[in-house]
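Asker: Task: produce atomic coordinates for the following.
(one chain, ligands or ions: 1)
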Amino acid sequence: MSRILIIGAGGVGRVVAYKCAQNSSAFSDIWMASRTKSKCDQIAQDVEKDLKVKISTAQVDADNVPELVALIKTIKPKLIINVALPYQDLTIMDACLETGVHYLDTANYEPKDEAKFEYKWQWAYQDKFKNAGLTAVLGCGFDPGVTSIYTAYAAKHYFDEIQYLDIVDCNGGDHGKAFATNFNPEINIREITQKGRYWENGDWVETEPFEIKQELNYPNIGIRDSYVLYHEELESLTKNFPSLKRARFWMTFGQEYLTHLRVIQNIGMASIVPIKYKGVDIVPLQFLKETLPDPGSLGDNYEGETSIGCRIRGLKDGKEETYYVYNNCKHQDAFNETGAQGVSYTTGVPAMIGAMMVLTGEWSGAGVFNVEEFNPDPFMDKLNTEGLPWHEQHDVDLEVK
Ligand code: NDP
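Answerer: As a prediction, the model looks like this:
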């Protein structure tokens, strides 16, 4: 029996549930738990209607380790797919250690009271997972996740030395709303309003938010304004590929989005410092999240597609080579298959594939791992058959200056 427990019933949780149910030979028994059980029940009901696969559901507060441990002891899963929020990573890892269960997530830990994400907190669990003989897979969504696997695949097959890496993330979709985020608004706005940062010649270079901009051309989408942001996979990739002379992450933003964001910041609504409102402490950004569209509800009228990939330059047999590997995902295709939009889909599919890799033994080992430390080949094969086919180009103009 390969029983799994999915924690978190948002847009990404929905996709993970659908994809696991489509692969019931690998996932013979599926459980989903979250803070609001009715959201799990809705997903379970939809999966049962569309795929005739049963998903069992439960309520859990994943900030509470004893509560998690009690639930895990009742369910006895082999692996937990954590698609709740980054705040819950450490409590879920603690509960996995206490109950002897493998762990996988899609975003690194972030303390609630500080907008800062870093792997140090989760890497500190290395010895604990090693001693327990358990596997913890960190960052197995698209970015981080597939982008790191693309890099590992390029390093394995096409380069002796990868030197320049540009991860390029374009959402060329239109959901028809004036302003909405594609995943949890609180996490998303915390991420993009931080200072930018990239790796160059062995050190981090810090930039103001949105300081570095370039027009980049994305397959099937066209030219989009792309900005350098700090993104978590840069931390592990620069550690695991020390030949990198420069590593950057680019994301596209439209002018309308940036104008809304500037206003949100200027009026204090992006703040995570609690304020008193009618005698009650509220966090402005958490309040804002409640007023913005639920990212899970965007799928219905979402048109267009995402295009995310890696543009790499390096050496092979002493000669300079360039390589571009990417996936394009249409929001409508994602919605028709799972009821979720493309950003949730491109995160949930890799999470399912990573879980499959661990359960089938393709990825194994005791300790805490970033995905680029595993063999990329079986994962790349599954991307092609599970809805995120990739394309590659050699000897191309990478554009990134
Ligand atoms: P949502 O906000 O839509 O869903 C989060 C879910 O987690 C909700 O069901 C929420 O419950 C649940 N949750 C929150 N706190 C707790 C808690 N204390 N106990 C139990 N459940 C809890 O987020 P998304 O689905 O959009 O994103 C999920 C994760 O995926 C995030 O960590 C995000 O950062 C990550 N992500 C990763 C990407 C990648 O490419 N690597 C890209 C996009 C997202 P409730 O419904 O009660 O609020």
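
Asker: Please count neighbours and contacts with C-alpha atoms only from this point.
Answerer: Will do.

Asker: What segments of the stretch 151-300 of the chain are helices?
Answerer: Read by DSSP state H, counting those that start in this stretch, the stretch 151-300 of the chain holds these helices, from start to end of the chain: 185-192, 233-240, 255-266, 284-291.

Asker: nearest to residue 353, of the ones you listed?
Answerer: helix 233-240 (18.2 Å; CA to CA).

Asker: And that closest one, how far out from the chain middle?
Answerer: 15 Å (CA atoms, centre = their mean, to the nearest Å).

Asker: In terms of secondary structure, what does it contact?
Answerer: When contacts are defined as 3 or more CA pairs under 8 Å, 6 or more residues apart in numbering; DSSP states H and E, helix 233-240 packs onto strand 196-200, strand 246-252.

Asker: related to what we said a few turns ago, dump the helices of the stretch 151-300 of the chain to JSON lines, plus mean neighbour count.
Answerer: Listed next are the helices of the stretch 151-300 of the chain as JSON lines, based on neighbours: other CA atoms under 10 Å:
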{"stretch": "helix 185-192", "mean neighbour count": "18"}
{"stretch": "helix 233-240", "mean neighbour count": "19"}
{"stretch": "helix 255-266", "mean neighbour count": "13"}
{"stretch": "helix 284-291", "mean neighbour count": "16"}
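
Asker: Any idea what residue 207 is bridged to?
Answerer: Under DSSP bridges, the beta-bridge partners of residue 207 are residue 196.

Asker: Which pLDDT does the model give it?
Answerer: Residue 207 carries a pLDDT value of 96.

Asker: Run a quick neighbour tally on it.
Answerer: 16 (other CA atoms under 10 Å).

Asker: Would you map the helices across the stretch 301-401 of the chain?
Answerer: 331-338, 342-359, 376-385.

Asker: Highest mean neighbour count out of those?
Answerer: A comparison of the helices of the stretch 301-401 of the chain by mean neighbour count, using mean count of other CA atoms under 10 Å, puts helix 342-359 on top with a mean of 26.

Asker: If you count contacts, what does that helix end up packed against?
Answerer: Against helix 342-359 (3+ CA pairs under 8 Å, 6+ apart) you get helix 11-22, strand 79-82, strand 102-105, strand 305-316, strand 319-330, helix 331-338, helix 376-385.

Asker: count of neighbours near the residue lying closest to residue 354 once chain neighbours are set aside?
Answerer: Of all residues not flanking residue 354 in the chain, residue 140 sits nearest, at 6.4 Å (CA to CA, 6 or more residues apart in numbering). Residue 140 has 30 neighbours, counted by other CA under 10 Å.

Asker: Which residues are in contact with residue 140?
Answerer: 104-107, 146, 347, 350-351, 354, 371 (CA atoms under 8 Å, 6 or more residues apart in numbering).

Asker: With residue 4 instead?
Answerer: Contacts of residue 4 by CA under 8 Å, 6+ apart are 27, 29-31, 77-81.

Asker: how much space between it and residue 27?
Answerer: Look at residue 4 and residue 27: by CA to CA, to the nearest Å, they are 7 Å apart.

Asker: The lowest-mean-pLDDT helix or strand in the chain packs against which elements?
Answerer: Of all helical and strand segments in the chain, the minimum by mean pLDDT, DSSP states H and E falls on helix 185-192, at a mean of 89. Packed against helix 185-192 by the contact rule (3+ CA pairs under 8 Å, 6+ apart) you find helix 284-291.

Asker: Identify the residues contacting the helix it packs on?
Answerer: Helix 284-291 has contacts (CA under 8 Å, 6+ apart) with 184-186, 268-275.

Asker: right, and residue 143 touches residue 233 too?
Answerer: Yes - taking CA atoms under 8 Å as the definition, residue 143 is a contact partner of residue 233 at 7.1 Å.

Asker: near the ligand, which residues of the stretch 151-300 of the chain?
Answerer: Within the stretch 151-300 of the chain, the positions adjacent to the ligand are 183-184, 296 by CA under 6 Å from any ligand atom.

Asker: Of those - the most surrounded one?
Answerer: Ranking these using other CA under 10 Å puts residue 296 first, with 21 neighbours.

Asker: check contacts around that one.
Answerer: Neighbours of residue 296 in contact, by CA under 8 Å, 6+ apart: 10-11, 183, 340-341, 344.

Asker: pLDDT check: weakest of those?
Answerer: residue 183 (87).

Asker: mind listing what that one touches?
Answerer: Residue 183 touches 11, 295-296, 343-344, counting by CA under 8 Å, 6+ apart.

Asker: For the ligand, tell me which of the contacts of residue 140 show up nearby.
Answerer: Okay, of the contacts of residue 140 touching the ligand (CA under 6 Å from any ligand atom), that's 106-107, 347.

Asker: Test my guess that residue 67 contacts residue 61.
Answerer: Yes - applying CA under 8 Å, one finds residue 67 in contact with residue 61, separated by 6.8 Å.

Asker: Please identify which of the helices and strands packed on helix 342-359 is closest to residue 209.
Answerer: Of the helices and strands packed on helix 342-359, nearest to residue 209 by CA to CA is strand 305-316, at 20.6 Å.

Asker: Buried residues, that closest one. List them.
Answerer: For strand 305-316, burial by neighbour count (16 or more other CA atoms under 10 Å) applies to 305-316.

Asker: Give me the average confidence score over that strand.
Answerer: On average, strand 305-316 scores 98.

Asker: That strand and the ligand, any residue contact?
Answerer: No - using CA under 6 Å from any ligand atom, strand 305-316 never reaches the ligand; the gap is at least 10.0 Å.

Asker: and the angle for that strand with helix 342-359?
Answerer: 50 degrees (axes from the mean of the first three to the mean of the last three CA atoms, to 10 degrees).

Asker: how much does strand 305-316 deviate in direction from helix 331-338?
Answerer: 100 degrees.

Asker: Strand 305-316: partners in the sheet, and parallel or antiparallel?
Answerer: Here, using DSSP bridges, strand 305-316 pairs with strand 161-171 (antiparallel), strand 319-330 (antiparallel).

Asker: which regions of the stretch 1-150 of the chain sit below the pLDDT cut-off?
Answerer: Low-confidence segments of the stretch 1-150 of the chain, defined by pLDDT under 70: 1.
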